[in-house]
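K.L.:
build the 3D model from these lines:
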Amino acid sequence: MRARTIYEPYAWGIFHGLKHFETVPHPCHIRGTIAIHAAKSTPAHASIQFFKSLLEQTDDLTKIKMFSPEWVKSLPYGAVLGTVEIINCVPAESIRDGLPKLERVFGDFSDGRYALVLADPVPLERPVPAKGQQGWWNWEKNKSE
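P.N.:
You can find the predicted model right below:
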């Protein structure tokens, strides 16, 4: 099965109704079911961008407190979290303005980027440890670490 490694908390957002698009720098022609793998760590620049965007897009103090650095550290890392369907790929700017503010926190919808349209997320009962890698890769559940 094709898989994509995504930093936390972005991977978490797919399975909790907050992320319906995975933003990418180039158009993607992959469609169908893929596995979502949470990276083994989140680089500082990605964490900073997440919290900066959260403060810019969210005026609900309860949500800001919910998404604390401690909470992000408690998420599963280095594991496949579940599967999701890719049903389309569209220019990010074509959907950006229609998104709820909180969903904008879970992607980079800058001009020139693309959004993979995600549907039917199915979380695994328990995350399956897996090495993962950048870009697209093949995941075989029985061969995970």
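K.L.:
which helix runs longest in the protein?
P.N.:
helix 44-57 (DSSP state H).
K.L.:
just the CA trace of that one, in CSV.
P.N.:
Taking C-alpha atoms only, helix 44-57 is exported to CSV below (Å, rounded to 0.1, in the frame of the first residue of the first chain):
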residue,chain,number,x,y,z
ALA,A,44,11.2,22.8,15.1
HIS,A,45,10.3,24.8,12.0
ALA,A,46,7.1,22.7,11.5
SER,A,47,6.1,23.0,15.2
ILE,A,48,6.7,26.8,15.1
GLN,A,49,4.6,27.1,11.9
PHE,A,50,1.8,25.1,13.5
PHE,A,51,1.6,27.2,16.6
LYS,A,52,2.0,30.5,14.7
SER,A,53,-0.8,29.5,12.4
LEU,A,54,-2.9,28.4,15.3
LEU,A,55,-2.6,31.8,16.9
GLU,A,56,-3.3,33.6,13.6
GLN,A,57,-6.4,31.5,12.6
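K.L.:
list the buried residues in it.
P.N.:
By neighbour count on 16 or more other Cβ atoms under 10 Å, the buried set for helix 44-57 is 46, 47, 50, 51, 53, 54, 57. Backbone N, C-alpha and C define where each C-beta goes, glycine included.
K.L.:
tally of neighbours for the residue nearest to the last one when sequence neighbours are not counted?
P.N.:
Just to be clear, that refers to residue 57. Spatial nearest neighbour of residue 57, excluding adjacent residues (Cβ to Cβ, 6 or more residues apart in numbering): residue 101 at 4.2 Å. Residue 101: 14 surrounding residues under other Cβ atoms under 10 Å.
K.L.:
from residue 117, how far off is residue 101?
P.N.:
Separation of residue 101 from residue 117 (Cβ to Cβ, to the nearest Å) stands at 19 Å.
K.L.:
correct me, but residue 129 touches residue 79?
P.N.:
Yes: taking contacts as Cβ atoms under 8 Å, residue 129 lies within contact range of residue 79: 5.0 Å.
K.L.:
which one of those two has more residues nearby?
P.N.:
Taking other Cβ under 10 Å, residue 129 and residue 79 do not tie; residue 79 has more neighbours (22 against 15).
K.L.:
quickly note the distance from the nearest residue to that one once chain neighbours are set aside to residue 58.
P.N.:
Spatial nearest neighbour of residue 79, excluding adjacent residues (Cβ to Cβ, 6+ apart): residue 127 at 3.5 Å. Noted for residue 127: a distance of 26 Å to residue 58, by Cβ to Cβ.
K.L.:
that concludes my questions; thank you for your assistance.
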